[in-house]
Every structure is written in C-alpha cells, then in structure tokens.
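Asker: What would the 3D arrangement of this be:
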Amino acid sequence: IDHFKDINDTMGHAIGDEVLKAFANRLQKTVPDSSIVARFGQDEFAVMLPLNNAVDEAESRANDIIEAFRSEAIQVMDENFQIRCSVGYAVSPEDADMPEDVLKCADTALNRAKLEGRDRAKRYDGRYTEDIQKRFQILRDLRVAMDKQELELYYQPQLCLKTGKITGAEALIRWWKSGENNVGGHFVSPVDFIPVAEQSGLILPLGDWIMEQ
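Answerer: Predicted coordinates for the structure are as follows:
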C-alpha cells in the first residue's frame, strides 16, 4: 500500500487497521478464486496464483490490482481514502524455481516499482538485483568517504547580469574516490550517490557536514 504510514500517522492505528481490512477484502475480490492471498508485512500483501499464460497473464493480473484501487476510494468510518498500491511480481519457473526465491524476486520488483514513482506494477528483471548491489556498494563506499574526508565542496559563482559582480555562490558537493592503495581514482557522479544518500538517510549527516564546511 503506497504511503500507508501517512494514514497511521494522521488518522491513528485504529483507522489504519480498518483500511488494511478493506484493502484485503478488495484485493481478494480482484484476484481469481484459485489465488492465495496473505498479509506479508505491515502494509504488504502477497498473492500466489496459477497461470495459464504465464508472463502475459501475470502482467494482466498485476495491472488488475492496480486498477482496482485507482477506480474507487476505500470507505472507512464515513471517510474516503484514495488508496494506491505498488505491485512487484515474478513468474515461476521463468524468474525463479524455489518459493523463497520467487518471493525475493517479487520483492525486488516491488522496490523498483516504488523507486519509479509507485502506483504501478513491475515484473522482476535480473538487472534490478544488479542495481541494488550497485547502490549498496555506493552506500558502503560513501560512509568510508565521509570518514576519510574524500568529499569536497566546489563553489560556482552567481553573477549579477546587470553589474557583472559576484553576488553569491552555489556549493556543489564532489566525491573523489581514491583507487586501490590510494593510487589514482575517479570522481563519483552526484547523480549516483545523492539519491543513495537520500534513500538511506545519510543525506542528513551529509547536509550537516556541508553546512559546517
């Protein structure tokens, strides 16, 4: 369920629990009777169902779930909630054989759907796992970079077009990642490490360091 925490925080857990029940009821009505529906986490549900036309049917079923919650609000205690959800799905045996691996693949696809803006369905792709590994490596290296003071601020002047005078400067963070044994190295693009810092919460101590500098 997209942004379910906002419902709990603003309306309270009692309302949140009722929204979960209403969500579960609609989900069960949306998927075929042969499906198994289970609550998988605080705001996550898992659906398992047999497929006649594996990949095409899986995509269709996933989109049915998305549309079921776009089409009509959920009503709880005279309140209407415009609930949206993200769906990650995997197909067996094309994506994985063992049940735990299928679930893992679906969870990876779910995370991808959330990263791309939520309210959408994504099928598992092996490249998603590679992206996760890359982000994890960047996060680990960024922590080291902060400890080793590998980050620098570059200042880009702001000019008054009328007078030509410098009126201020924009602080731009740069990361020079040293090579093995401090031989050579390369700049890591902010496009790569800033989103990782934001998603991990590391952006807060990074912001403190910037202000101190």
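Asker: helix or strand right after the helix or strand of the chain with the lowest mean pLDDT?
Answerer: Every helix and strand of the chain was ranked by mean pLDDT, DSSP states H and E. The lowest is helix 126-147, at a mean of 86. Next in sequence after helix 126-147, counting helices and strands by DSSP states H and E, comes strand 151-159.
Asker: And that following strand, what's buried?
Answerer: Buried residues in strand 151-159, defined by neighbour count with 16 or more other CB atoms under 10 Å: residue 151. Every residue, glycine included, has its C-beta placed from N, CA and C.
Asker: same for the following helix or strand past that strand, what does it pack against?
Answerer: Next along the chain after strand 151-159, taking DSSP H and E as the criterion, comes strand 166-178. Counting contacts by 3 or more CB pairs under 8 Å, 6 or more residues apart in numbering; DSSP states H and E, strand 166-178 packs against helix 126-147, strand 151-159, strand 185-188, helix 190-200, helix 203-212.
Asker: residues in contact with the residue of the chain most remote from its centre?
Answerer: Here the chain reaches farthest from its C-alpha mean at residue 163, the gap being 45.7 Å by CA atoms, centre = their mean. Residue 163 makes no contacts at all, as judged by CB atoms under 8 Å, 6 or more residues apart in numbering.
Asker: how close does it get to residue 35?
Answerer: Residue 163 is 69 Å from residue 35, where distance means CB to CB, to the nearest Å.
Asker: what's the answer for residue 60, then?
Answerer: 13 Å.
Asker: Find me the pLDDT at residue 112, would you?
Answerer: On pLDDT, residue 112 comes in at 89.
Asker: residue contacts, it?
Answerer: Residue 112 sits in contact with 88, 122, 125, 128, 131, where contact means CB under 8 Å, 6+ apart.
Asker: Would you mind checking which of those residues is nearest to residue 200?
Answerer: Using CB to CB, residue 131 is the member of the contacts of residue 112 that sits closest to residue 200, with 14.6 Å.
Asker: nearest spatial neighbour of the closest one, skipping sequence neighbours?
Answerer: Closest residue to residue 131 apart from its sequence neighbours, by CB to CB, 6 or more residues apart in numbering: residue 112 at 7.9 Å.
Asker: Throw the helices and strands packed on strand 166-178 into a markdown table and include distance to residue 99, thanks.
Answerer: Output for the helices and strands packed on strand 166-178, formatted as a markdown table (distance: least, CB to CB, whole Å):
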| stretch | distance to residue 99 |
| --- | --- |
| helix 126-147 | 18 |
| strand 151-159 | 43 |
| strand 185-188 | 38 |
| helix 190-200 | 28 |
| helix 203-212 | 37 |
